[in-house]
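Enquirer: Mind folding the following:
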Amino acid sequence: QVQLVESGGGLLQAGGSLTLSCVVSATLASRSIDTMAWYRQTLGKQRALVAQISSDSSTMYADSAKGRFTISTNNAKNTVFLQMNSLKPEDTAVYYCNVNVKTSAYQRVAIWGQGTQVTVSS
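Expert: Here you go, the predicted model:
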């Protein structure tokens with residue numbers, strides 16, 4: 001069962017804007033979600049956190065994303081967005097949606113989307 005469905009990736013020129021969306025399945029959305037986040041990965045590199053939003057709506061960003069990217073959810077908290085502005089060629093990557101489900105006081109299970117490609121040309 002697909003639990004996270006990402007969309008919004010594409011090809012655009014530097015300086016442009018793009019919004020990624022990640023829809024959480026009803027089954028997953030009914031569980032205790034701790035955090036929702038966007039990661040990105042380029043060939044040969046580890047997947048890296050871009051932005052995260054917690055259940056209390058607090059956010060955190062990678063230094064590279066601060067001031068340019070905004071993570072948010074809809075009111076139902078079953079969709080997480082990543083608004084990306086002033087895109088740079090170095091933002092080119094596969095972007096992955098991540099949801100961490102709280103299964104106990106000290107345990108989390110990470111759920112990943114299939115990834116969406118963002119390519120920024122100079």
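Enquirer: In the protein, which residue sits furthest out from the middle?
Expert: residue 105 (24.1 Å; CA atoms, centre = their mean).
Enquirer: how much space between that one and residue 32?
Expert: Counting by CB to CB, to the nearest Å, the gap from residue 105 to residue 32 is 11 Å. Where you see a C-beta, it was placed from the backbone N, CA and C, and this is true even at glycine.
Enquirer: Excluding chain neighbours, give the residue nearest to residue 18 in space.
Expert: residue 84 (5.0 Å; CB to CB, 6 or more residues apart in numbering).
Enquirer: low-confidence ranges in the chain?
Expert: Counting by pLDDT under 70, the chain shows no low-confidence range.
Enquirer: what ranges do the strands span in it?
Expert: 4-7, 10-13, 18-24, 33-41, 48-54, 59-61, 69-73, 79-84, 93-102, 108-112, 116-121 (DSSP state E).
Enquirer: would a markdown table of those with mean neighbour count be doable?
Expert: Below are those laid out as a markdown table (neighbours: other CB atoms under 10 Å):
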| stretch | mean neighbour count |
| --- | --- |
| strand 4-7 | 17 |
| strand 10-13 | 13 |
| strand 18-24 | 20 |
| strand 33-41 | 21 |
| strand 48-54 | 18 |
| strand 59-61 | 15 |
| strand 69-73 | 18 |
| strand 79-84 | 22 |
| strand 93-102 | 20 |
| strand 108-112 | 14 |
| strand 116-121 | 17 |
